[in-house]
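1. Give me a 3D structure for the following:
(chains A and B)
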Amino acid sequence: MRRALRKAVFAVLTLWIAAPLLPLLIWAFAGRWVYPALVPQEFSLRAWGQAAAPQQQVIAATGTSLALALTTALTATALGALAARGLVLYRPPAAGLVRLLLLAPVLVPPFALAVGVQEVFVRAGLSDHPTGVALVHLVPALPYTVLVMIGGFATYDLRMEQTARTLGASRTAVLRHVTLPALSPALLAAATLAFLVSWSEYLMTVLVGGGVVTTLPLLLFATAAGSGNQALTAVLGTLTVAPPVLLFGVGAALLRRNRAVWADPDHDPSPSFATPEIER
Amino acid sequence: MLLAGRGSLADGLGRGWSLSAYEGFLHDPAFADSLLFSLKIATLSTTVSAALALAVVGAVSASRRGRAALETAARATLAVPHLLAASAFGLLLSGAGLVSRLTHAVGWTDGPADFPVLVADPVPSAVLLTYVWKEAPFITIMLLAAYTPAVRDLESAVRTLGAGRLRRLRHVTLPLLAPALTEACLLDFAFTFAAYEAPALLGATVPRALPVEAVELYRSVELDDRPAALALAVVIGMVIALVALAAATISRRLLRARTGS
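-> Got it, this is the predicted structure:
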C-alpha cells in the first residue's frame, strides 16, 4: 500500500516535470502539426536546417553564449573561491557584514542592476560590448559561487597546506596537489552554477548588450514572442536546455566520484549543488 | 541601483532634481494595477511553491532512496532556464497547445476557442504555472538541505515518546525547517517579483507586470519615460527590500523562539 502510494507520487512528479518539456521535443522535430492532432502529421528536420542557416545567427549566438558562460564560470569561481577563503579561513573583522554584502546581489532586481550599470558602462565604453555583458553576468553569479565556496572551505583544513609547505612543496605545488584537489567538488559545483546563471541570463544581456551582443536566450525570446514559428522556437529551446542539463548530469556524476575520495558523505555539509540556484 | 535612483529623480535628460516621475505614479491607475499584479504573481507563486515543496518533502523524506530521487529530479528542473520554461509552457498551454489538443481528443473541448485562456490572460495562469514549476523544486532543494540527520533523529525521538505523524510535523519538523523555508520564500519572492521573461512572454498586455512595464518605458523613445522607468526600478527594489526586512524579522523571531524554549 505504502509502496504503491510512493510509486504514484513519483509517477505524478515525473509527469509534472516532463509535461512542459514534452511539447518542446515533439515540436522540434515536427514538420506539420495542425490542431487537433496529438502527434505531428509529418516529422522533419526542417526547423533544424532553418536554425543552421547563417542569417538566423543561431550558431554565432550559441558561440557567444558559450563564451560568455565559460568566462563567467571561470571568473566567478576564482573570485568566489578567493572571497570564501578569506571569509572562512582568516575571519576578518565584520565577516558577517562582508558576507551579507557579497550575497546581496541575489535580491537586487536585474532591471535595476542593468540600467544602473548601464550609466557607468556608457561612459566607460563597455555598453553594447561582450566585455560589459560578461561583467554584468558576473554580478548575479558571484553570490552563488561565494556561497558554495564558503561551504567548500568549511571542511577545509588549512594545516594540510602548511604541512605540505614544511615538507618542501612550493606554493604552486601546494595549490596543484593540495588545495585544488581538496576543493574540487565545491569548485565544480560553483562553476556549474555560474555557468547556468550566465547561460540563462536574458534581460541584462538585452539591456547592456544593446542588441549588438546576441545570445541564445535572446533569439529564443524573440522567436517565442513574435514569430509564431513554433518549430524554430522548439529547436532554439532544445539548444538552450541541452547544455545545462548535460552539465548537470556530468557535474553530478563527477561530484559523486569525487566525494567518495575526498569526504565522508555523512559529515559533508554538502555545499555543492544543494545550495541555491541559479538563473534568476 | 543607486544610479537608477538618481536617474529617477531627474528630468528626461538626466539633469536636475525632480520628483515628477514618482508623482506620475500617483495619478496613473495603470501603475497601481501593475504593482498589484506583480505582488499577486509573486505572492501566489511563492505560497503555492512552498506548500507543494513542503508536501513533497514531507511525503518522501522518510526513505533515503526517495530523498535521493527527489533531489535529482529537483536539481534537473533547476538547471532549466526560466525563459525556456516560459516558452515551453507557452507551447503546452496555448489555445492550440498540447493540453488543448488532449482535452479535444478526450472530448472535453470543441476547439482552440473553447479551451480556457491561460496564456496572455489578465489572470496570469500560465505565468503562475511556470513559476510554480520552476520554484517548487528550488524550495524543495533548500528544504532538503535543511532536513539534516539531526532533524530526523529528533523526529524519531519524539515518535518513541508517542507523538503522532501530525504532531511530529507541527512541533518538530516545521519549526526546524522554518528558517530554511523563510529564506527560500524570500529568494523566490524577490525573483518572481522582479523577473521579466515569464510575464513578458505569457502575460497579458493589460495589466502588465511591473518589470515588463519598466522595460517598456526604458525602451520608449519619449524622454519623460526614462525617469519613470528608473523610478519603477526603485519601486521594485523597495518592495523587495521591505520583504527582505520582514523575512529577516521572522527568522530572528524563529531563532529566539528556538533558543528561548
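
2. any idea how far the closest residue to residue B:96 other than its chain neighbours is from residue A:18?
-> Computed as Cβ to Cβ, 6 or more residues apart in numbering or on different chains, the closest residue to residue B:96 that is not its neighbour in sequence is residue A:35, at 4.4 Å. Every residue, glycine included, has its C-beta placed from N, CA and C. Separation of residue A:35 from residue A:18 (Cβ to Cβ, to the nearest Å): 22 Å.

3. Outside of whatever helix or strand residue A:217 lives in itself, which residues are in contact with it?
-> Assigned by DSSP states H and E, residue A:217 belongs to helix A:216-222. Helix A:216-222 is contacted by residues A:56-58, A:61-62, A:64-65, A:199-202, A:205-206, A:209, A:233, A:236-237, A:239-240, B:81, B:83-84, B:87, B:197, B:200-201 when judged by Cβ atoms under 8 Å, 6 or more residues apart in numbering or on different chains.

4. quick one on the thing from earlier: look up phi and psi at the residue nearest to residue B:96.
-> As for residue A:35, its main-chain torsions (degrees, to the nearest 10) stand at phi -60, psi 140.

5. Pull up the gap between the residue at minimal distance from the centre of chain A and chain B, please.
-> Nearest to the mean C-alpha position of chain A, by Cα atoms, centre = their mean, lies residue A:196 at 1.2 Å. Using Cβ to the nearest Cβ, to the nearest Å, one gets 6 Å for the distance from residue A:196 to chain B.

6. The helix or strand harbouring that residue packs against which elements?
-> Per DSSP H and E, residue A:196 falls inside helix A:180-200. Secondary structure elements in contact with helix A:180-200, counted by 3 or more Cβ pairs under 8 Å, 6 or more residues apart in numbering or on different chains; DSSP states H and E, are helix A:58-89, helix A:130-154, helix A:216-222, helix A:230-262, helix B:82-93.

7. how about a cut-off of 6 Å?
-> In terms of contacts (3 or more Cβ pairs under 6 Å, 6 or more residues apart in numbering or on different chains; DSSP states H and E), helix A:180-200 is packed against helix A:58-89, helix A:130-154, helix A:230-262.

8. Between the ones you listed, which one is closest to residue B:233.
-> Relative to residue B:233, the nearest member of the helices and strands packed on helix A:180-200 by Cβ to Cβ is helix A:130-154, separated by 14.6 Å.

9. For that closest one, enumerate the helices and strands it packs against.
-> helix A:58-89, helix A:180-200, helix A:203-209.

10. Not counting residues beside it along the chain, what's closest to whichever residue of the stretch 151-280 of chain A sits closest to chain B?
-> Nearest to chain B, among the residues of the stretch 151-280 of chain A, is residue A:200, at 3.3 Å (Cβ to the nearest Cβ). Spatial nearest neighbour of residue A:200, excluding adjacent residues (Cβ to Cβ, 6+ apart): residue B:81 at 3.3 Å.

11. What residues sit buried inside the helix or strand hosting residue A:98?
-> In this assignment (DSSP H and E), residue A:98 forms part of helix A:95-103. For helix A:95-103, a neighbour-count test (16 or more other Cβ atoms under 10 Å in any protein chain shown) marks A:99, A:102-103 as buried.

12. between it and helix A:130-154, how big is the angle?
-> With axes from the mean of the first three to the mean of the last three Cα atoms, to 10 degrees as the basis, helix A:95-103 and helix A:130-154 are set at 140 degrees to each other.

13. Residues in contact with helix A:95-103: which ones?
-> Contacts with helix A:95-103, where a contact means Cβ atoms under 6 Å, 6 or more residues apart in numbering or on different chains, come from A:87, A:143, A:146.

14. And for stretch A:134-154?
-> A:68, A:71-72, A:75-77, A:80-81, A:83-85, A:88, A:102-103, A:105-106, A:117, A:183, A:186, A:189-190, A:193-194, A:197-198, A:201, A:204, A:208, A:269, A:271, A:275.

15. Ok, which of the helices and strands packed on helix A:130-154 comes nearest residue B:56?
-> For the helices and strands packed on helix A:130-154, the distance to residue B:56 is smallest for helix A:180-200, at 22.6 Å, taking Cβ to Cβ.

16. Report the buried residues of that closest one.
-> In helix A:180-200, counting by 16+ other Cβ under 10 Å, buried: A:182-200.

17. Then stretch A:12-24?
-> Here stretch A:12-24 shows A:13, A:16-17, A:19-21, A:23-24 as buried, counting by 16+ other Cβ under 10 Å.

18. got it, and stretch A:39-57?
-> Neighbour-count burial for stretch A:39-57, with 16+ other Cβ under 10 Å as criterion, is recorded at A:40, A:46-48, A:51, A:56-57.

19. Can you add distance to chain B and give the residues you listed back as TSV?
-> What follows is these, written out as TSV (distance: Cβ to the nearest Cβ, whole Å):
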residue	distance to chain B
A:40	11
A:46	17
A:47	13
A:48	17
A:51	15
A:56	16
A:57	17
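
20. Ends of stretch A:168-188, what's the gap?
-> Taking Cα to Cα, to the nearest Å, stretch A:168-188 runs 28 Å from one end to the other.
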